[in-house]
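Enquirer: My questions are about this predicted structure, shown below with the sequence.
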Amino acid sequence: MSHRVTTETSMTEKDIILKVAKAQDITCSESGSTIRFTGGKLNNAVLDTKTGRISGDTDFGHTESGLGMLRQGYGEEIYRMNCLKQGIQVESREVLAQYNGRKNVIKLITSNG
(Lines give C-alpha, C1' and ligand atoms only; values in the text may rest on other atoms or scores of the structure.)
Protein backbone atom coordinates (compact mmCIF):
# COMPACT_ATOMS: atom_id res chain seq x y z
CA MET A 1 0.00 0.00 0.00
CA SER A 2 1.29 3.41 -0.98
CA HIS A 3 2.12 5.95 1.73
CA ARG A 4 3.15 9.55 1.28
CA VAL A 5 6.35 10.46 3.16
CA THR A 6 7.60 13.97 3.78
CA THR A 7 10.66 15.36 5.48
CA GLU A 8 11.66 18.90 6.41
CA THR A 9 15.01 20.19 5.19
CA SER A 10 16.71 23.58 4.95
CA MET A 11 17.33 23.11 1.21
CA THR A 12 15.95 26.26 -0.37
CA GLU A 13 18.73 27.42 -2.72
CA LYS A 14 17.59 26.04 -6.07
CA ASP A 15 20.94 26.39 -7.89
CA ILE A 16 22.76 24.47 -5.17
CA ILE A 17 20.11 21.74 -5.07
CA LEU A 18 20.42 21.28 -8.84
CA LYS A 19 24.24 21.17 -8.62
CA VAL A 20 24.23 18.58 -5.83
CA ALA A 21 21.57 16.46 -7.57
CA LYS A 22 23.64 16.43 -10.77
CA ALA A 23 26.78 15.44 -8.82
CA GLN A 24 24.84 12.51 -7.31
CA ASP A 25 23.44 11.42 -10.72
CA ILE A 26 19.90 12.41 -9.80
CA THR A 27 17.99 13.94 -12.70
CA CYS A 28 15.33 16.54 -12.09
CA SER A 29 13.22 19.27 -13.61
CA GLU A 30 12.24 22.58 -12.13
CA SER A 31 9.04 24.59 -12.32
CA GLY A 32 8.72 27.74 -10.23
CA SER A 33 9.65 26.86 -6.66
CA THR A 34 9.29 23.11 -7.25
CA ILE A 35 11.97 20.61 -8.17
CA ARG A 36 10.66 17.25 -9.37
CA PHE A 37 13.21 14.45 -9.30
CA THR A 38 12.94 12.31 -12.43
CA GLY A 39 15.71 9.76 -11.97
CA GLY A 40 18.04 8.20 -9.47
CA LYS A 41 17.24 7.35 -5.86
CA LEU A 42 14.82 10.27 -5.52
CA ASN A 43 12.79 9.43 -8.66
CA ASN A 44 9.24 10.87 -8.35
CA ALA A 45 10.00 12.90 -5.20
CA VAL A 46 9.19 16.62 -5.14
CA LEU A 47 11.04 19.41 -3.29
CA ASP A 48 9.46 22.79 -2.52
CA THR A 49 12.31 25.32 -2.44
CA LYS A 50 10.17 27.86 -0.56
CA THR A 51 9.79 25.58 2.47
CA GLY A 52 12.56 23.00 1.99
CA ARG A 53 9.93 20.27 2.33
CA ILE A 54 10.55 17.17 0.22
CA SER A 55 7.81 14.59 -0.40
CA GLY A 56 7.84 11.14 -1.90
CA ASP A 57 5.97 7.86 -1.85
CA THR A 58 6.81 4.47 -0.36
CA ASP A 59 5.85 2.84 -3.69
CA PHE A 60 9.06 4.37 -5.08
CA GLY A 61 11.15 3.23 -2.10
CA HIS A 62 11.18 6.65 -0.44
CA THR A 63 11.75 6.94 3.29
CA GLU A 64 12.02 10.05 5.47
CA SER A 65 15.76 9.60 5.91
CA GLY A 66 16.27 8.70 2.24
CA LEU A 67 14.48 11.83 1.06
CA GLY A 68 17.10 13.92 2.84
CA MET A 69 20.00 12.28 0.99
CA LEU A 70 20.98 15.57 -0.68
CA ARG A 71 21.37 17.38 2.66
CA GLN A 72 25.04 16.52 3.22
CA GLY A 73 26.07 17.69 -0.25
CA TYR A 74 23.84 20.76 0.07
CA GLY A 75 25.37 21.69 3.43
CA GLU A 76 28.86 21.29 2.05
CA GLU A 77 28.10 23.53 -0.94
CA ILE A 78 26.58 26.22 1.32
CA TYR A 79 29.73 26.12 3.47
CA ARG A 80 31.98 26.37 0.40
CA MET A 81 29.96 29.35 -0.89
CA ASN A 82 30.24 31.14 2.46
CA CYS A 83 33.99 30.51 2.55
CA LEU A 84 34.38 31.91 -0.95
CA LYS A 85 32.45 35.07 0.00
CA GLN A 86 34.84 35.60 2.92
CA GLY A 87 37.97 34.97 0.87
CA ILE A 88 38.63 31.62 2.51
CA GLN A 89 39.91 28.83 0.28
CA VAL A 90 38.91 25.20 0.82
CA GLU A 91 42.15 23.30 0.28
CA SER A 92 41.05 19.72 0.80
CA ARG A 93 38.15 17.46 1.65
CA GLU A 94 38.23 14.25 3.67
CA VAL A 95 35.45 11.86 4.66
CA LEU A 96 35.98 10.55 8.16
CA ALA A 97 34.49 7.14 8.92
CA GLN A 98 33.53 8.37 12.37
CA TYR A 99 33.97 11.52 14.46
CA ASN A 100 32.51 12.16 17.93
CA GLY A 101 30.08 9.28 17.48
CA ARG A 102 28.85 10.47 14.08
CA LYS A 103 29.37 8.40 10.94
CA ASN A 104 30.66 9.67 7.57
CA VAL A 105 31.59 13.19 8.64
CA ILE A 106 33.08 15.49 6.01
CA LYS A 107 36.19 17.40 7.05
CA LEU A 108 37.11 20.47 4.99
CA ILE A 109 40.54 22.03 5.45
CA THR A 110 40.61 25.77 4.77
CA SER A 111 43.18 28.55 4.58
CA ASN A 112 42.63 32.26 5.00
CA GLY A 113 43.94 34.49 2.24
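Expert: Done, it's in.

Enquirer: From Asn44, how far out is Lys107?
Expert: According to CB to CB, to the nearest Å, Lys107 stands 34 Å off from Asn44. C-beta here means a position set from N, CA and C on the backbone, and glycine is covered the same way.

Enquirer: what's the answer for Thr63, then?
Expert: 14 Å.

Enquirer: Kindly report the same for Arg53.
Expert: 15 Å.

Enquirer: try Gly32
Expert: When Gly32 is compared with Asn44 (using CB to CB), they lie 18 Å apart.

Enquirer: Which one's more surrounded, those two?
Expert: Asn44 (15 against 9; other CB atoms under 10 Å).

Enquirer: so where is this protein shaky, pLDDT-wise?
Expert: 1, 113 (pLDDT under 70).

Enquirer: ok, which stretches of it are strands?
Expert: 4-8, 28-31, 34-37, 46-48, 53-57, 88-99, 102-112 (DSSP state E).

Enquirer: buried ones in stretch 89-108?
Expert: For stretch 89-108, a neighbour-count test (16 or more other CB atoms under 10 Å) marks nothing as buried.

Enquirer: chain center to it: distance?
Expert: Computed by CA atoms, centre = their mean, to the nearest Å, the separation of stretch 89-108 from the middle of its chain amounts to 16 Å.
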